[in-house]
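In: Need a 3D model of the sequence below.
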Amino acid sequence: MSRADKMMDVCLLAGEIMLTYGAETYRIEETLERMAKAAGFVNVHSFVTTTGIFLSFDEVGKGDTMQMIRVDDRIYDLNKVTLVNQVSREFVTGEIDEEVAYDKLNEIAKAPMNYPVWLVHIASGVAGAGFSYLFGGSLRDMLPAFIAGFIVSVCVFKFQEYLKVKFFAEFISAFIGGSVAIGLVYIGVGANLDQIIIGILMPLVPGVPLTNSVRDLISGDYVAGVSRGAEAILTALSIATGVALAIGLFLT
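Out: Okay, here's the model as predicted:
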């Protein structure tokens with residue numbers, strides 16, 4: 001394998017990890033260009049969308065190299081984005097070479113999430129209870145909000161794993177969460193249904209896609225910004241539709 005091919009693999013692996021786990025488009029492009037230029041390549045150009053990465057550069061005296069990869073999965077773990085940024089800084093400053101960088105990136109890609117899944121579910125329940133109280137609910141509403149928030153988090157993980165359709169998984173999870181909240185209020189566990197439902201849905205709000213959309217638009221990446229904004233809007237619509245269906249079925 002030539003040095004250009006090896007460097008291409010390093011850059012694309014770094015970009016794939018960053019794009020998969022929630023990095024902004026402009027940050028990925030800047031990282032890939034810095035790494036390629038630090039390796040001595042010229043005419044470096046990168047173009048990143050929400051589903052793909054294009055990268056090309058020239059090796060002096062040996063012609064140009066170009067490659068693209070498609071990225072379909074999106075999981076939000078900003079810790080991995082931070083780790084990739086650290087590897088790129090070490091490479092740019094000359095602390096590590098291509099081989100070491102590639103090995104470190106492989107370790108990051110294969111590493112499990114920073115927090116275990118069970119802790120994420122519990123945190124979602126705690127967030128649901130907290131938001132329910134912050135939005136005007138009573139202490140009595142925190143328990144049903146915790147239970148429903150926990151169930152919603154479990155459903156999102158399981159449905160995404162089996163259905164492979166993010167928006168449909170969020171729709172079903174919101175429907176189940178709304179139904180659980182309605183059932184708990186009906187049997188007298190909670191008092192304020194509105195505040196409970198608001199609380200359990202807050203962990204589902206697409207904060208990272210929305211933030212990245214705004215940052216990409218501000219930086220001039222209009223294609224990525226609009227597509228990420230559309231993703232956030234579709235997620236919001238999926239959540240709203242799921243809750244509306246539960247309310248329509250059980251409260252009318």
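In: now I53, what's its secondary structure?
Out: Following DSSP: H, G, I helix; E, B strand; the rest coil, we place I53 in the strand state.
In: For the residue lying closest to S56 once chain neighbours are set aside, grab phi and psi.
Out: Sequence neighbours aside, M66 is the residue nearest to S56 in space, at 3.8 Å (criterion: CB to CB, 6 or more residues apart in numbering). (Glycine included, C-beta is placed from N, CA and C.) M66 adopts backbone torsions of phi -140, psi 140, taken as degrees, to the nearest 10.
In: Check whether M66 really touches L55, as I assumed.
Out: Yes - in this structure, M66 is within contact of L55 by CB atoms under 8 Å, at 7.1 Å.
In: And those two? Which one has more around it.
Out: The neighbour comparison of M66 against L55 (other CB atoms under 10 Å) goes to L55, with 24 against 11.
In: Quick check, pLDDT for the residue nearest to S56.
Out: Per-residue confidence (pLDDT) for M66: 88.
In: contacting residues around it?
Out: If you count contacts by CB atoms under 8 Å, 6 or more residues apart in numbering, M66 has them with F54, L55, S56.
In: Could you pull out the strands in the stretch 1-150 of the chain for me?
Out: In the stretch 1-150 of the chain, the strands defined using DSSP state E, counting those that start in this stretch lie at 42-48, 52-59, 63-70.
In: D216 is nearest to which of those strands?
Out: The closest of the strands of the stretch 1-150 of the chain to D216 is strand 42-48. By CB to CB, the value is 9.7 Å.
In: domain ranges for this protein?
Out: 3-110, 117-250 (automatic domain parsing).
In: For the residue nearest to the spatial centre of the chain, what are phi and psi?
Out: In the chain, the residue lying closest to the centroid (CA atoms, centre = their mean) is Y76, at 2.7 Å. The phi and psi values for Y76, taken as degrees, to the nearest 10, are phi -100, psi 110.
In: Where does the prediction get shaky in the stretch 1-150 of the chain?
Out: Along the stretch 1-150 of the chain, segments meeting pLDDT under 70 span 1, 61.
In: mind listing what's buried in stretch 134-148?
Out: F135, G137, D141, M142, L143, P144, A145, F146, I147, A148 (16 or more other CB atoms under 10 Å).
In: can you count the residues close to A230?
Out: Neighbour count for A230, taken as other CB under 10 Å: 13.
In: Distance of it relative to F167?
Out: Using CB to CB, to the nearest Å, A230 is found at 11 Å from F167.
In: now L105
Out: To F167, L105 is 30 Å away according to CB to CB.
In: now L184
Out: Distance of L184 to F167, computed by CB to CB: 26 Å.
In: How about R140?
Out: As defined by CB to CB, R140 lies at a distance of 33 Å from F167.
In: How about G40?
Out: Taken as CB to CB, the span from G40 to F167 is 44 Å.
In: Check K6 too.
Out: Separation of K6 from F167 (CB to CB) stands at 38 Å.
In: Tell me the gap between stretch 190-209 and the middle of its chain.
Out: Centre-to-centre, stretch 190-209 and its host chain are 19 Å apart (CA atoms, centre = their mean, to the nearest Å).
In: Give me the distance between the two termini of that stretch.
Out: 32 Å (CA to CA, to the nearest Å).
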